[in-house]
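Novice: everything below, folded, please.
(chains A, B, C and D, ligands or ions: 4)
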Amino acid sequence: MSTTSTTEAALADAGRRSRVEKLARLTQRNGALVILLCLIVVSAFAFPTFASAGNLSQIALQAAFLAPVALGLTFVIFTGGIDLSVGSVFALGGVLAAWASQYGFLAALLVPLIVCTLIGLVQGAIVAFTSIPSFIVTLAGLLFARGLLLALTEEGSETYKVPGDSAFLELSRGSFLGLGFPVWNVIVLFAIGVLVLHRTSYGSTLLAIGGQPDAARLMGLPVLRSTLIVFAVSGTMAGLAGALTASYTASGVTTLGVGLELTAIAAVVLGGTLLTGGAGTVVGSLVGVVLLQVVANLINRMGLTNSNWQAVVNGAVLLVVAVAQVLLSRVQAQERQRRRGGEADAPKPI
Amino acid sequence: MTDTSQQGPAQPHEEAALALAARGLNKSFSGVHVLHDVDFSLRPGTIHTVVGENGAGKSTLIKSLTGVYQAETGCIELAGSEVRFNHPSQAQDAGISTVYQEVNLVPLLSVARNIFLGREPRGRLGLIDVRALNRKAAEVVQDLGIDVDVTAELGALGLGVQQMIALARAVTTEARVVIMDEPTSSLERREVEVLFSVARRLRDQGVGIVFISHRLDELWELCDEVTILRDGRVVHTGPMHELDRRSLISAMLGRDITEHGVTSFTDTDVSETTAEVVLEAKDLSAPGRLQSVDVSVRAGEIVGLAGLLGSGRSETVKAIYGGLDTSSGQITVKGGPVRRGSVPAALRAGIALLSEDRKAEGIVPELSVRDNIILGILPRVSNAGVLSNRRIDELVDRWIRRLGIKVSSTRQLISELSGGNQQKVLIARWLCTEPSVFLLDEPTRGIDVGAKQEVQALIDELAEKGMAVVLISSETEELVAGSDSILVLRDGEVSEILTDDQVDNSRLLSALVDGGQR
Amino acid sequence: TNEGSDPEASGGSGGEAAQAADSAGSSGPTCTMDDYGVDKVDIKGAKVGFSQSEPDSASFRAAETKSLKDTAKDAGADLVVTNANNELPKQISDIENLLSQDVDMLVIAPVNSDGLDSALNAAKKKKVPVVTIDRKVTNKSCDDYLTFIGSDFVKQGERAADALAEATDSKAKVAVLLGPSGNNVTDGRQKGFKDQVKAEYPDIEIVAEQTANASRSEGQEVTAQLLQSNPEIDAVYAFNDEEGLGAMAAIQEAGKEPGKDVKIVSIDGTKNAVDAIVAGKYNAVIESNPRFGPLVFDTLSKFYSGEEIPEDIIIKDGEYTPDNAEEQAGQAF
Amino acid sequence: MKASPTTASVPVKRSMSVRAWIANYGVYVALALMVVINAIITPHFLTVANLRLQLIQTAPVLIVALGMAMVIGTKGIDLSVGSVMALSAAIMPLYIGYGTVPAILVGIAAGGLSGLMIGALVSYFGIQPIVATLAVLIGGRGLANVIGGEIKNLSDPGLAVLGSGSLLGIPYSVLSAVILVLVAAFLMRRTTFGIMVEAIGGNKKAAELAGIRIKSVLVSVYVLSGLLAACAGVLVAARSSASDPRTLGLLMELSAIAAVVIGGTSLAGGKVRILGTVGGALLMQLIVSTLVSHNIPDSVSQMVQAIVIVVAVALQVGRRKT
Ligand SMILES: Nc1ncnc2c1ncn2[C@@H]1O[C@H](COP(=O)(O)OP(=O)(O)OP(=O)(O)O)[C@@H](O)[C@H]1O
Ligand SMILES: Nc1ncnc2c1ncn2[C@@H]1O[C@H](COP(=O)(O)OP(=O)(O)OP(=O)(O)O)[C@@H](O)[C@H]1O
Ligand SMILES: [Mg+2]
Ligand SMILES: [Mg+2]
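Specialist: Ligands and ions are numbered 1, 2, ... in the order given. From the prediction side, this is the model:
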């Protein structure tokens, strides 16, 4: 029967997979990583101080504040949704943490997490139980969280300070085995993220919701619950990042996080996750975050202090990576097509 | 054949153990009453078919039973106790496993994930044991006789394979009730037989099975009981064997129809060698899919394409139509060359393609029936881009009347129509283009006998009027009855050509089998 | 980034005169090299880091950066500039970056009064003196940083209230256009204005307070709406010149005469606003002086020569009124 | 073939449910409600000058939203509009020396060019619209700042007329918005372009197989959106007689998307509602103006806007059907 012959042919061909395609595939699936590595190597040569431990740990630390936000957002995007509220929720988390730090370490950590999770939960509930697109719900969330923040701080004029002796400050400043706590936090969170995506049915449920929402429902998957959770987690992550920033800056700065959602989306996209949902990677988002930080670091080094040029460069980087990913996946598809039944060795889906 | 649902007589064990029962279901959509007081009883260990015209309400009944829709009135009993499902997952948890009419799986996930989504084997820490998952999936798939890499992305597989995967998902749930809504519509005979043996095995294990199909012959082969729906009402229910084909059809349609044999293709072989060659496709190749396929069709001729799943039939017609990237080949229509790989060029040359995948490649769900019909002839119903309502209405009315499409208004959304009527709208779309070559990929898939005969007669009529037709069908009878000659494809190559009196069922079957076995 | 223009801006009494510290403003405890615990460095040939807070597309920022660059050149110092693009975390990393490039002294235009603790700590560890300009941080002077050089925003607000009173004979119904929410310059200028009005001008009534995000078009839209719903408004106090100019356009659009029917007072000192005063469509601008360069380097050299440096050095802000606008227009930025 | 048609049992008349009615007309109901509420609680609301002002302030968002609606109709999204507004306003002053009309044309052409680039990226390279336009949102504003630099006063008399003049009492900006709405409605309702846009949004594959030139339609849609955004940019700049690349059009993408969605166009594509978009834009403007008129503090104002947006869209789309 033809099905057998198809697979046989595919198997036979697998050995002969062309080098071009192998490379294209590797690059496409890890496009951001490849670009990141190239960039690091080149700049290590171009700028002697770039590869210094100090600078690298600076980059790592900077990335550590954006990374949790991007992680939460990644999972929302898996479901085909989007969370525009993360920037405001991030700022709100910071303000709450700074305010609550007067009541001790636990309060400083828990208050922002709880409130931000609740905001995420409410958004998730609206997305799950109505058919309002998440774009609109979280756009409203963006406004609401910012308004709430202003209301809590007398129209933004009150900046809460973390007491100088608070253990909460250690959260961002302490380190273990030479790596700062925020970096450890990212490592742990992303490890959990990877496990959740690949090794729990929750992970595949999210992808199913993003890929084929009707099918997910008809397959009896817990669509509503998963949607709720994913937005709640995104809120938690943004709140956590905000709390970390409050610890780092020892205060609840009210103007933080404006436009952060766009940076986070850019990081997720750079990482190779489809904004349409249904497919993507967790690690890619981390790579995307680091890539953005490295680019910023380099721009500073090149003396391009005009922040307008920085914006132009950031936009261009985003486009270049997106185009590169598309072109490389085309090369790959062509190569695959050249062989009969090549579907068998298409990039392994989850 | 009376309008009674034979509740409760004779069968002694019925009361004790109905696997699934529904009483007095009513369901309507935005004012359209689709189910009227429908009663339905499924006994364990039987295969029960629900038949009816397109739009009779079969899928709606299924969805009302499984929690996709909530009926407005009526009750549902599962194994004797009343249940109410607000969500398909509740029905699934209660032991009802369903294969819906449209394949409802997740294309971007792997085959194995799709089969076990939501109930994956767990290992340590409650994490999914990926290896066990793939192994179990491979076993299930092999059991169903399909050979496919379970780690491959589902979306990369043909529709037929996907249908089998959906079946695999349904049978692995150890359900007490399995419901299959037109599971065979995209399957080959061989897969159909696998499916039947799976169904019989389940039945012997005491599972109650609901089976829906428009391929009527399958019903007598497989089913024990039948319920006939007409316009949302149950018009008959009883044992399958008590009905003959003719009475089943007339109960379904509410009128008698005369059948000329199995199909309504007339037997006038018009393949006069004198007629001009309208479509000539030479040496069509697409990397990995087609190798040097030649197709030539004369005016008034119907050329059939036969082959097993994935043999490249759909690819061949798509290549002719410009919808598939080809690496070589020449296409001419009435002697004029057609640019390869361009749908607009093909359309201009008078080629039309009715695609096999109605949902993904045919209908535009958000548009009205009217707009769907004129989609292929926009330049012709407009002046400098401005639509001419007069011309549109004229055309649309004509074709709706001509094909007997059931719509409440031409502005109704096409997604609100039943499958068969959607198919007719698409046929209308292509006939509007007044094609000289009509490529029909599974034109009768999923449409009821009445509509099927109409479509078949229509194809015949078109050919008689001089159209060149290429016909793909998984039903060999249809292919044999309809075609003047048949190209048998295997792995993207033409393996045999049957002409004139070679066109018969046994020749075709043996050609297919030879092809399959190499 | 939408708060771009935050203005701490500046102003103007520009020019050379502005370099002088407003002596009344210099106050509080003082600081010497020994108190601060740093070693002497020669400014000539020194590497000076400047962490700018906001994009240079705001006139104030451009003038500020330029002033520092020019003075550094004159003093023979090497100025390394970074721009935090209004993001606090970026400013922290900018500062750490500058420190890793071994700068000898730091000039910081803080994005925010709070939150620079870790960066200031790092500077302290490396014994790099920090001068903050245009916005005061809430940390400890002569410990976390050396001194603050800048304007007093509350004072600016008070002066604006005086100017408005002057223009309206102390009797007006005022619409207040605020800056971006959460910005401490907004708060200072709002507080100063309101307190002064409350204390001194019982006949000036604040009818509305709405944010216009330091943007001209938003200033126009908000004022246009306010004029419709509160036709009695006869004066506008704007957080910065852009908002004020927007208000001017809105007043014109509503068929009233700006500067006469509805008076306008704002803070900044940009050319456009000063020109409007000259044209009689605007009533007063309180300057927020951006020319920090001379004062910064002057302070640093005094510091290294062992002098005592006060905690706050308040730069002298000018004021443009119909009386002086024409002659002082050249000092606007 | 001739047999079956009349056996249809499907009732020919379908009564429209309340839910469906609200989904179709909800935005107008909400709009009417806002007007009534304002007439009662807001002093000086029902004056000609105030109503005229509402129209003037709505015009830019509405013009941008028209393009956005078409883009959303193809299942895309255009986040670049705010930056494109800034870009066109930044470029215009450079050419004002050649006269008002050439300067305006150049500014608008810049928008078209940006749309062309986005369209090409989306259709020929297959880049997701949200990614391509996000890049322009980020980079475009930077470029506008680089080109335009600090805010510039535009003292051109021609622009002044465009910005604050009127014809028969109707301000030019409102007039342009009305004309553009009519054109857009005509395009969507009465031309093949409209059907093609909706077909692409509804089922791209099917549209392609029906012979529709997907790529050129997509490019046209993004070019249109760019042109319309640039028009809005020119109008805003003309009204304030200034070109401020830093703040002009900031967050416009969000307002425009909100207007489109409140107007009943689904973000899932396949359906474009022009008149609804007008209603959505007016509703958004009325909300903001009400909040300003009543001197609501920023914090409350943002929260109220959030709630109103969700409620308005909820009215449109209703509960998830099960
Ligand atoms: N979601 C819906 N909204 C409105 N009308 C619907 C909807 N689903 C089905 N209908 C209508 O209900 C009727 C019954 O449809 P159903 O899908 O149950 O038919 P069917 O018997 O399964 O037909 P087929 O054999 O073509 O699959 C049709 O007239 C159809 O137009
Ligand atoms: N059993 C299978 N295993 C793997 N791939 C398959 C299988 N069946 C089909 N495919 C792939 O799916 C694609 C589409 O197949 P499809 O079934 O549409 O082909 P076809 O010859 O047109 O048959 P059909 O008559 O069912 O349309 C082909 O590229 C084929 O390689
Ligand atoms: Mg059906
Ligand atoms: Mg096929």
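Novice: from here on, just use CA atoms for contacts and neighbour counts.
Specialist: Fine.
Novice: what about the strands in chain D?
Specialist: Secondary structure of chain D (DSSP state E): strands at D:152-153, D:166-167, D:170-171, D:242-243.
Novice: who wins for proximity to D:V71 among the ones you listed?
Specialist: Closest approach to D:V71 among the strands of chain D (Cα to Cα): strand D:242-243, 26.7 Å.
Novice: give the pairing partners of the closest one; include direction for each.
Specialist: Here strand D:242-243 has these sheet partners by DSSP bridges: strand D:152-153 (antiparallel).
Novice: rewinding a little: just the strands of chain D: most buried one?
Specialist: Comparing the strands of chain D by mean neighbour count (mean count of other Cα atoms under 10 Å in any protein chain shown), strand D:242-243 comes out on top with a mean of 29.
Novice: what's the mean pLDDT across stretch B:207-215?
Specialist: Stretch B:207-215 carries an average pLDDT of 90.
Novice: what about that stretch, distance to the chain center?
Specialist: Distance, stretch centre to chain centre, for stretch B:207-215: 14 Å (Cα atoms, centre = their mean, to the nearest Å).
Novice: next one: B:I373 from chain C, what distance?
Specialist: 48 Å (Cα to the nearest Cα, to the nearest Å).
Novice: let me know the pLDDT of that residue.
Specialist: Confidence at B:I373, expressed as pLDDT, is 94.
Novice: which stretches of the stretch 151-300 of chain C have low pLDDT?
Specialist: Across the stretch 151-300 of chain C, no stretch falls below the confidence threshold (pLDDT under 70).
Novice: the strands of chain D: which one's closest to A:V137?
Specialist: strand D:242-243 (32.7 Å).
Novice: quick check: residues of the stretch 151-300 of chain A near chain B?
Specialist: Contacts of the stretch 151-300 of chain A with chain B, taken as Cα under 8 Å from any Cα of the partner chain, map to A:195, A:198-202, A:204-205, A:207-208, A:211-212, A:214-222, A:278-279.
Novice: are any of these buried, and if so which?
Specialist: Buried members of those, counted by 16 or more other Cα atoms under 10 Å in any protein chain shown: A:198-202, A:204-205, A:207-208, A:211-212, A:215-222, A:278-279.
Novice: would you reformat the strands of chain D as TSV and include mean pLDDT and distance to C:P294?
Specialist: Listed next are the strands of chain D as TSV, based on pLDDT from 0 to 100; distance: least, Cα to Cα, whole Å:
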stretch	mean pLDDT	distance to C:P294
strand D:152-153	82	28
strand D:166-167	84	51
strand D:170-171	90	50
strand D:242-243	88	32
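Novice: and B:L229, how far is that from chain C?
Specialist: Distance from B:L229 to chain C, by Cα to the nearest Cα: 63 Å.
Novice: quick check: phi and psi on that residue?
Specialist: With angles defined as degrees, to the nearest 10, B:L229 sits at phi -100, psi 140.
Novice: in contact with it, which residues?
Specialist: Counting by Cα atoms under 8 Å, 6 or more residues apart in numbering or on different chains, B:L229 makes contact with B:50-53, B:56-58, B:235-236, B:252.
Novice: what's the pLDDT at the nearest residue to it once chain neighbours are set aside?
Specialist: Excluding the flanking residues, the one nearest B:L229 by Cα to Cα, 6 or more residues apart in numbering or on different chains is B:G52, at 4.9 Å. At B:G52, the predicted lDDT confidence score is 87.
Novice: again, but for the one 3 residues further on
Specialist: According to the model's per-residue confidence, B:G55 sits at a pLDDT of 78.
Novice: just D:R319 next, same as before
Specialist: Model confidence at D:R319, given as pLDDT, is 45.
Novice: against A:N314, how distant is the residue in chain D that chain C sits nearest to?
Specialist: Nearest residue of chain D to chain C: D:E150, at 5.0 Å (Cα to the nearest Cα). Separation of D:E150 from A:N314 (Cα to Cα, to the nearest Å): 21 Å.
Novice: in helices only, show me the residues of the stretch 151-300 of chain A next to chain B.
Specialist: Among these, the ones falling in helices (DSSP state H) are A:195, A:198-199, A:201-202, A:204-205, A:207-208, A:211, A:214-218.
Novice: and of the residues you listed, the nearest to D:R190?
Specialist: Once Cα to Cα is applied, the member of those that ends up nearest D:R190 is A:D214, at 32.8 Å.
Novice: phi, psi for whatever residue of the stretch 251-400 of chain B ends up closest to chain C please.
Specialist: Nearest residue of the stretch 251-400 of chain B to chain C, counting by Cα to the nearest Cα: B:E366, 38.4 Å away. When read as degrees, to the nearest 10, the backbone of B:E366 gives phi -80, psi -10.
Novice: any idea of the mean pLDDT for the strand or helix carrying B:V192?
Specialist: Taking DSSP states H and E as the definition, B:V192 sits inside helix B:189-204. With pLDDT averaged residue by residue, helix B:189-204 scores 86.
Novice: and if you look at stretch B:288-295?
Specialist: 87.
Novice: next, the residue of the stretch 101-250 of chain A found nearest chain B: phi, psi?
Specialist: Nearest residue of the stretch 101-250 of chain A to chain B (Cα to the nearest Cα) works out as A:G220 at 3.5 Å. A:G220 adopts backbone torsions of phi 80, psi 20, taken as degrees, to the nearest 10.
Novice: what's the closest non-adjacent residue to it?
Specialist: A:G220's closest residue in space is B:S89 (Cα to Cα, 6+ apart), at 3.5 Å.
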